[in-house]
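Student: Dropping a prediction and its sequence here:
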Amino acid sequence: MTLQAPGDRAQDSNPGIVKSPLDVGGGLFLIGVAILGFMGAFSLPFGHLSGIGSGLLPKSVAVLVATFGVLLLAQGLVFGGDRLDRWGIRGIVFVLGSVLVFAFTIRQLGLVAAGPLTFLVASLADRETRPVEVVIFAIIGTLACGLLFKELLGLPIPFDPLSLAGPLHAPYEAAKATLKALFLGRVH
Amino acid sequence: MFDLWNNLALGLGVALSLKNVGLCFLGCLIGTLIGVLPGVGPIATITMLLPITFGIDPVGALIMLAGIYYGAQYGGSTTAILVNIPGEATAVVTTLDGHQMAKQGRAGVALGIAAIGSFFAGSVATLIIAALATPLTRMALLFGPADYFSLMVLGLMFAVVLARGSVPKAIAVILVGILLSTVGTDLESGEERLTFGWSEISDGIDVAVIAMGMFGFAEILRNLEAPEARDVVKAKIGSLLPNRADFSQSAAPIARGTLLGSVLGLLPGNGAVLGPFASYSLEKKLAQDPSRFGRGAIEGVAGPESANNAGAQTAFIPLLTLGIPPNAVMALMVGAMTIHGIVPGPQIMTKQPQLFWGMIASMWIGNLMLLIINLPLIGLWVRFLKVPYRLMFPSILLLCCIGIYSINNSPIDVVMTAGFGLFGYAIVKFGFEPAPLLLGFVLGKLMEEKLRQALVISRGSFMAFVERPLSASLLLVSLVLVIIAVLPSIRKTREEAFQEAD
């Protein structure tokens, strides 16, 4: 299901100037990437062949990318092809938003807050989300991640720098002690 | 021949230490656990679990990573059979007959034969790697920078031919990968390239950041769009052990699949992906009654699964002997090895024989472990797969975030990964495939280095690439490949080969 590229679907005929929105979009995308790449390497020297400068590769690759972009764009204007797929804005906003929430809270608040926040924001991406279920899962998931990554595998993840866990602290410590007893300290 | 056994004995000595067996076991187990999650393929799994290998010595870390890789592969097959969702391209074929078998109450047998076939294939592939390692490494020492460059061109051309969709799009996406590889400080001149003055990326972009964004986050975004269409098998799992009839039907397909997969896996440029498709078509052609295929034919699981595992393993050969990753997963392995201070290439075998042979021996042990771990745990995986996606994807996201944060303990990495999630999503929406980009990204750095060296040696003459016979023939083969790829008749068969699986 997820591996299906948009190009695999049936072709649509399109009467406008844009015969294949997928190819036109792809072409514009490539041109955009190429322009960005070329600008980033703009001031760098080409050098000469026996001593290639730092600008040669990025600039020439950017030109190649742009060439393919133009080709694709032209192809999309002349030949028919696929439509552009709709973008799932809701998913983008909440899934990537939740990742940003994680990035901005993990250092200051620790996993104990970043975990459930990430979980809650992410779950908004799905319309079928049920609040109670999510809250329970978020808390259990966070504690399990803490036990697995911090205690068992010894990663230096900030867990609870501000002691926000409150009542959850006791069961966590108990689980931690059990784990330590089970694995005789740490795996490594 | 005597050398081969000696080397394997040395490797087994390393791999069988209590600690390394433990790490191999842990790697296989956690790899399977994450790999079973629907929509999480080997690339996302390895990236997510990379930090847990930190703090282990290089030998142990590599053994664990290899275990994670096999575990992820096998977990993907389990999901393909039980839920009809392939975790990655190569598992697509397994869904065809595997899921049908599961619906007929033979999920146990399908999983059993997949595990047994994979184990056989893995054992053969381990021997092939051990046998080819020494001669190939010797050959690699004859390679000059120009030859390396041409070999990488050939690898990328293979990746173009084997990518789905149009050839120009595949080439373009590889070029974008190469462009991304130039981001950061130029090693020779010390100048910053494509950083736009942003100091966070002056060391370049981490391959894990790109991999996690494009394969972890983008995949979740795409899964969320498709309505939940998971159909976890409701029929009973049944006996895990195939009966005598199953065995006699599967033995030949397993042997043929192993051979096909091993050879294809050796090719530069993702040959391994072809293995399962080729094996499936072959078995269908050889079958007395081809109509059984797609309706739960055990050969349709046994052959492709063996081919898949054999290819997954022989793909290590170009990486370990030449230092050139043949596909996106191996490209990620380069990143992982670099973190542990190991530069893949011919010097590993000569300078660190313990590490080299220990890892190869652990491949076989890992395959054995998968057989032992997975068969009894299938009931657990089934229960695991019944968790609805609305709860599963936030959990996957959280694991991804923790994983990517832990690589450098850097929140900026997490932000960049979100950016690459959007980038990967856009790329797929515009009809490009993300895997060649990752390969281009990793090869891009190597290619620039070798290009510069070659031109310095030849004093700026491009003739260096056509004067050396090795380099010239590699470039010639690349050229032939491109021509073949755009020829209409070949294009048609190529499309059909992939369509078979749709």
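Tutor: Looks like it arrived, so ask away.

Student: which residue sits closest to whatever residue of the stretch 251-400 of chain B ends up closest to chain A, ignoring its sequence neighbours?
Tutor: Residue nearest to chain A within the stretch 251-400 of chain B (CB to the nearest CB): residue B:394, separated by 4.0 Å. Quick note: C-beta positions are derived from backbone N, CA and C, even for glycine. Nearest residue to residue B:394, sequence neighbours excluded (CB to CB, 6 or more residues apart in numbering or on different chains): residue A:122, at 4.0 Å.

Student: Surely the one you found touches residue B:396?
Tutor: No: between residue A:122 and residue B:396 there is no contact, the gap being 9.1 Å when judged by CB atoms under 8 Å.

Student: neighbour count winner among those two?
Tutor: residue A:122 (31 against 23; other CB atoms under 10 Å in any protein chain shown).

Student: would you list every one of the strands in chain A?
Tutor: For chain A, strands defined by DSSP state E occupy the ranges A:47-48, A:51-52.

Student: And residue B:485, how far from residue B:206?
Tutor: 32 Å (CB to CB, to the nearest Å).

Student: that older thread, does the residue of the stretch 251-400 of chain B closest to chain A touch residue A:98 like I think?
Tutor: Yes: if you go by CB under 8 Å, residue B:394 and residue A:98 touch, sitting 7.3 Å apart.

Student: joint contacts of these two?
Tutor: By the contact definition CB atoms under 8 Å, 6 or more residues apart in numbering or on different chains, residue B:394 and residue A:98 are jointly contacted by A:118-120, A:122.

Student: Take these and lay them out in JSON lines including pLDDT.
Tutor: As requested, the shared contacts of residue B:394 and residue A:98 are exported to JSON lines (pLDDT from 0 to 100):
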{"residue": "A:118", "pLDDT": "95"}
{"residue": "A:119", "pLDDT": "93"}
{"residue": "A:120", "pLDDT": "93"}
{"residue": "A:122", "pLDDT": "94"}
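
Student: Put together TSV for those, with distance to residue B:414 on each row.
Tutor: What follows is these, written out as TSV (distance: CB to CB, whole Å):
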residue	distance to residue B:414
A:118	10
A:119	15
A:120	17
A:122	14
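
Student: Can you tell me the SS state at the residue of the stretch 251-400 of chain B closest to chain A?
Tutor: Secondary structure, DSSP: H, G, I helix; E, B strand; the rest coil: residue B:394 is helix.

Student: Pull the contacting residues for it.
Tutor: Here residue B:394 is in contact with A:98, A:118-120, A:122-123, A:134, A:137-138, A:141 (CB under 8 Å, 6+ apart).

Student: Mind checking which of these land in helices?
Tutor: Here DSSP state H is the test, and the contacts of residue B:394 give A:98, A:118-120, A:122-123, A:134, A:137-138, A:141 as lying in helices.

Student: Closest to residue A:35 out of these?
Tutor: Using CB to CB, residue A:98 comes nearest to residue A:35 of the ones in helices among the contacts of residue B:394, at 31.0 Å.

Student: And for the closest one, the neighbour number?
Tutor: 25.

Student: Residue A:126 is in contact with that one, correct?
Tutor: No: contact criterion CB under 8 Å: residue A:98 and residue A:126 do not qualify, at 11.7 Å.

Student: May I have the phi/psi pair for the residue of chain A most remote from its centre?
Tutor: Most distant from the centre of chain A: residue A:50, at 40.1 Å, with distances by CA atoms, centre = their mean. Here the main-chain torsion angles of residue A:50 (degrees, to the nearest 10) amount to phi -80, psi -10.

Student: Please name the nearest non-neighbouring residue to it.
Tutor: residue B:460 (3.2 Å).

Student: Now do the one you found against residue B:467, distance only.
Tutor: 14 Å.

Student: Check whether residue B:211 really touches residue B:44, as I assumed.
Tutor: Yes: contact criterion CB under 8 Å: residue B:211 and residue B:44 qualify, at 7.4 Å.

Student: pretty sure residue B:411 is touching residue A:100, no?
Tutor: No: counting by CB under 8 Å, residue B:411 sits too far from residue A:100 to count as a contact (9.5 Å).

Student: With the flanking residues excluded, which residue is spatially nearest to the residue nearest to the spatial centre of chain A?
Tutor: Central residue of chain A (CA atoms, centre = their mean): residue A:96, 6.4 Å from the mean position. Excluding the flanking residues, the one nearest residue A:96 by CB to CB, 6+ apart is residue B:418, at 4.6 Å.

Student: so what's that neighbour up against?
Tutor: Taking CB under 8 Å, 6+ apart as the contact definition, residue B:418 lies against A:96, A:99-100, A:103, B:213, B:217.

Student: ok so it is a helix residue?
Tutor: Yes: under three-state DSSP, residue B:418 falls within a helix.

Student: Distance of it relative to residue B:27?
Tutor: Between residue B:418 and residue B:27 the computed distance is 28 Å (CB to CB).

Student: now do residue B:454
Tutor: Distance, residue B:454 to residue B:27, using CB to CB: 38 Å.

Student: One more: residue B:480?
Tutor: 40 Å.

Student: So those two - more neighbours on which side?
Tutor: More crowded of residue B:480 and residue B:27, by other CB under 10 Å: residue B:27, with 29 against 11.

Student: Wondering if the helix or strand encompassing residue B:356 reaches chain A at all.
Tutor: Residue B:356 is located in helix B:353-385, with elements delineated by DSSP states H and E. No: against chain A, helix B:353-385 shows no contacts by CB under 8 Å from any CB of the partner chain, the least distance being 13.5 Å.

Student: same check, this time on stretch B:176-185
Tutor: Yes: against chain A, stretch B:176-185 shows contacts by CB under 8 Å from any CB at B:176, B:178-179, B:182-183.

Student: How about stretch B:49-60?
Tutor: Yes: counting by CB under 8 Å from any CB, chain A has neighbours in stretch B:49-60: B:51-52, B:54-56, B:60.

Student: Tell me the buried residues in that stretch?
Tutor: Within stretch B:49-60, the residues scored as buried using 16 or more other CB atoms under 10 Å in any protein chain shown are B:49-54, B:56, B:58-60.

Student: which other residues reach that stretch?
Tutor: Taking CB under 8 Å, 6+ apart as the rule, stretch B:49-60 contacts A:149, A:153-155, A:188, B:14, B:19-20, B:23, B:30-31, B:34, B:61, B:64-65, B:68, B:208, B:336, B:339-342, B:354-355, B:358-359, B:402-403, B:406-407.
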